[in-house]
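K.L.:
Structure for this input, please:
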Amino acid sequence: MKLVIDRALSLAFFPLLCALGTGCGAAEGSATESADLALSSGLDVAARKVLPALPDPSLAVPAGNNLAFSFDGVGVQIYACQATATGTAWVFQAPQATLFDRGKAVGKHFAGPTWEFKDGSTVVGAKIASFTVDPTAIPWLLLQATSHTGNGRMSDVSYVQRLQTTGGNAPATGCDADHVGDITQVDYTAKYFFYRSTDGG
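P.N.:
Okay, the predicted model is just below:
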């Protein structure tokens, strides 16, 4: 109901948005589409007020970046049984997950690590901090964006946090000399928080 009301308010204020020069040209679509854009921007602003609680300061995003949006990740962590200097072990290969926004699939997460929104835009991150909150789950992470593709939701992401994880750890057994080359997938969930630079850089 709140979303419907917010949408109605966005439509009501559409003329004001036009007067302010906020995307009212014919090439930019109908009033409904512009209202949806305004509503989406409003949701982003609201998201910035809900900063996640962190168990360790190493996971904090540097000053000069605002929380823009967040998605739930549901999928698997992929491991391969490989020979190591000390024998054999399950070695992490890649994540494979779907990104959800309030229960609706809006993107995917895969090797890179890469996050892709439904508009085709992507961000690739590099880990700069890790902290284990629950030994039965994969660590919480702070990652910095290293590259982007496309022009959309992910194209200006500066940092990503992987928080509130469940599952995903490598199996404790099943990898030995007879199983080198085997692949296993371990279910996990996480909450991904995406940030943007306040100076637009």
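K.L.:
Can you show me the helices along the protein?
P.N.:
Taking DSSP state H to define them, one finds helices in the chain at 2-12, 14-19, 31-47.
K.L.:
Let me see the domain layout of this structure.
P.N.:
2-47, 65-197 (automatic domain parsing).
K.L.:
who are the neighbours in contact with the residue nearest to Thr136 when sequence neighbours are not counted?
P.N.:
In this structure, Thr136 finds its nearest non-sequential neighbour in Asn169, 6.7 Å apart by CB to CB, 6 or more residues apart in numbering. (Glycine included, C-beta is placed from N, CA and C.) Asn169 is in contact with 77, 136-138, 186, counting by CB atoms under 8 Å, 6 or more residues apart in numbering.
K.L.:
biggest separation within those residues, which pair?
P.N.:
Gln77 and Thr136 (13.1 Å; CB to CB).
K.L.:
Overlap of the contact sets of the two?
P.N.:
167, 169.
K.L.:
So those two - more neighbours on which side?
P.N.:
Gln77 (23 against 10; other CB atoms under 10 Å).
K.L.:
distance of the residue lying closest to the more buried one once chain neighbours are set aside from His109?
P.N.:
What sits nearest to Gln77 in space, not counting adjacent residues and going by CB to CB, 6+ apart, is Gly168, at 4.2 Å. Distance of Gly168 to His109, computed by CB to CB, to the nearest Å: 12 Å.
K.L.:
Identify the neighbouring strands of the single longest strand found in the chain in the sheet and state each direction.
P.N.:
The strand that spans the most residues within the chain, counting by DSSP state E, is strand 65-84. Note on strand 65-84: by DSSP bridges, its sheet partners are strand 87-101 (antiparallel), strand 183-197 (antiparallel).
K.L.:
and the last one, how far out from the chain's middle?
P.N.:
Going by CA atoms, centre = their mean, to the nearest Å, the spacing between the C-alpha centre of strand 183-197 and its chain's C-alpha centre is 7 Å.
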